[in-house]
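Peer 1: One predicted model, sequence on top.
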There are 2 protein chains.
Amino acid sequence: MNDTPSENTGKTTPPRTRIQQKNRRAIMEAALEVFSQYGFRGARLDQIAQTAGLSKPNLLYYFPSKEAIHTELLTCLMDTWLDPLRALDPAGDPREEILAYMRRKLEMSRDYPRESRLFANEILQGARHIRTAIKGELKALVDEKAEVIRGWAERGAIAPVNPHHLIFSIWALTQHYADFEVQVRLILEGREDDPYPEAERYLETLFSRLLAPERA
Amino acid sequence: MNDTPSENTGKTTPPRTRIQQKNRRAIMEAALEVFSQYGFRGARLDQIAQTAGLSKPNLLYYFPSKEAIHTELLTCLMDTWLDPLRALDPAGDPREEILAYMRRKLEMSRDYPRESRLFANEILQGARHIRTAIKGELKALVDEKAEVIRGWAERGAIAPVNPHHLIFSIWALTQHYADFEVQVRLILEGREDDPYPEAERYLETLFSRLLAPERA
DNA sequence: CGTGTTTCTGACCAATTGGTAAAACCATAC
DNA sequence: GTATGGTTTTACCAATTGGTCAGAAACACG
């Protein structure tokens, strides 16, 4: 008997059959839908199963437990989630690099709001399942890029700013449009159907003015 | 028999006895603790009762249902939550008013992070219980203050900005430190024990540069 | 003190939860 | 075909969930 289709090798083990591939995909998709809406505790296996078009026992044929689904989902998405920051190029033009990073993050909010809300829920609820990833991967990456930004500021390529808080502010501002989408839309009702174009313009202005070096 | 201690008059009905006052307070406090951590669906009545130092049936003596507790909590806190924005004075100095608003919001994140997370959870999970308050009170208040800001920008007292997105950005930036506190702390570990002093400095710089009118 | 009211508890309930066991159903390869 | 393995379902379980109820304490107050 095939105990568990997925191995615990850490990453995505390629499923054996086409059916497994299809169903595991469907489960991940459904899990994203449900976990991002309700967080780990609020999510129900029934709901994930139904969303995936499977019966609950069948769902549990592919994953041993609710926690396993959640963990797999988070670890799978973590990499993609960090890509925009990874792409920040120390050799590029400082202001343009930071603006481009902001734009990439805003695109992620627009195109993958559920992923944003998944992480938001997870962190809001204490980050119990991704503590190590935050303290490890994420912190390392942030520290590295913060150092790059510090260098830029030091040589006057951008106005002096606290690099860590600059990164936080990019997260906060861009993710806000995904995590609080409902609120944003309700408040803008009658003004902007799609908040993102205006958000992009606003954030470009904001970071341009913040980083403009001539006034240091 | 006293069917339900709380009336549905909308606001906080003054409890009859001292015991009721004490216990209802304890319940609200416990509910804040639990709901802000897990959201509505993830919260468990047991946990609220235990945190409040009451038995579950006793808890349900004071409130008819889980939903009732949640609703009461939200409506009670909504007013306080909006106060910082209400205090934005159209007659004050524009830049100083906006900076002061930001500072008030940041103080709220520092001093009342659970309240922030409660609303964050609620909105993240679809804002089902506060939709009307958002579309009503909040939207009205935001529109009103956005109009004030628009006026300031128009007469050149601050640099031109989209007023609504300016308000969103204040929310995003300040609430981030409460909602994502775990992450912020984990990443800053070894650098800043308390993120708030540096956050305030950073945000002051950010909004000063954003709003400085001379470059309009 | 007694009596009426408020507050609290233990026992209970139906529904839902995450999860299991085993049998039934497939789809092939031989 | 039929053996063989992967896949799915049916039936089930124990624990937990939100919530009820009758009555026991605890209180207030004349």
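Peer 2: That came through fine.
Peer 1: C-alpha only now, for contacts and for neighbours.
Peer 2: Noted.
Peer 1: Point me to the residue of chain A nearest DNA strand D.
Peer 2: residue A:58 (3.6 Å; Cα to the nearest atom of the strand).
Peer 1: Could you list the buried residues of whichever strand or helix holds that residue?
Peer 2: Residue A:58 belongs to helix A:56-62 when assigned by DSSP states H and E. With burial defined by 16 or more other Cα atoms under 10 Å in any protein chain shown, the residues of helix A:56-62 counted as buried are A:59, A:60, A:62.
Peer 1: Only the buried residues of the longest helix along chain A, if you could.
Peer 2: For chain A, the helix with the greatest residue count under DSSP state H is helix A:18-42. Across helix A:18-42, burial judged by 16+ other Cα under 10 Å covers A:23-24, A:26-28, A:30-42.
Peer 1: what's the answer for stretch A:135-149, then?
Peer 2: A:135, A:138, A:139, A:141, A:142, A:145, A:146, A:148, A:149.
Peer 1: Name the surrounding residues that touch it.
Peer 2: A:82, A:85, A:86, A:88, A:90, A:94, A:163, A:164, A:167, B:186, B:187 (Cα atoms under 8 Å, 6 or more residues apart in numbering or on different chains).
Peer 1: OK, contacts around residue A:51?
Peer 2: residue A:30 are the contacts of residue A:51 under Cα under 8 Å, 6+ apart.
Peer 1: And it, how far from residue B:117?
Peer 2: Taking Cα to Cα, to the nearest Å as the measure, residue A:51 falls 28 Å from residue B:117.
Peer 1: same deal with residue A:172?
Peer 2: 14 Å.
Peer 1: Same drill for the two, tell me which one is more crowded.
Peer 2: Counted by other Cα atoms under 10 Å in any protein chain shown, residue A:172 and residue B:117 do not tie: residue B:117 has more neighbours, with 28 against 23.
Peer 1: just checking, that one touches residue B:36?
Peer 2: Yes. Using Cα atoms under 8 Å, residue B:117 is in contact with residue B:36, at 5.2 Å.
Peer 1: now do the same end-to-end measure for stretch A:47-66.
Peer 2: Start-to-end, stretch A:47-66 (Cα to Cα) is 12 Å.
Peer 1: Could I get the phi/psi values of residue A:126?
Peer 2: As for residue A:126, its main-chain torsions (degrees, to the nearest 10) stand at phi 110, psi 0.
Peer 1: neighbours around it, how many?
Peer 2: Residues lying near residue A:126 (other Cα under 10 Å) number 17.
Peer 1: and residue A:174, what does it touch?
Peer 2: With Cα under 8 Å, 6+ apart, residue A:174 has these contacts: A:102, A:105, A:106, A:109.
Peer 1: Not counting sequence-adjacent ones, nearest residue to the closest residue to chain B within chain A?
Peer 2: Using Cα to the nearest Cα, the single residue of chain A nearest to chain B is residue A:42, 3.9 Å away. Leaving out its chain neighbours, the residue that sits closest to residue A:42 by Cα to Cα, 6 or more residues apart in numbering or on different chains is residue B:42, at 3.9 Å.
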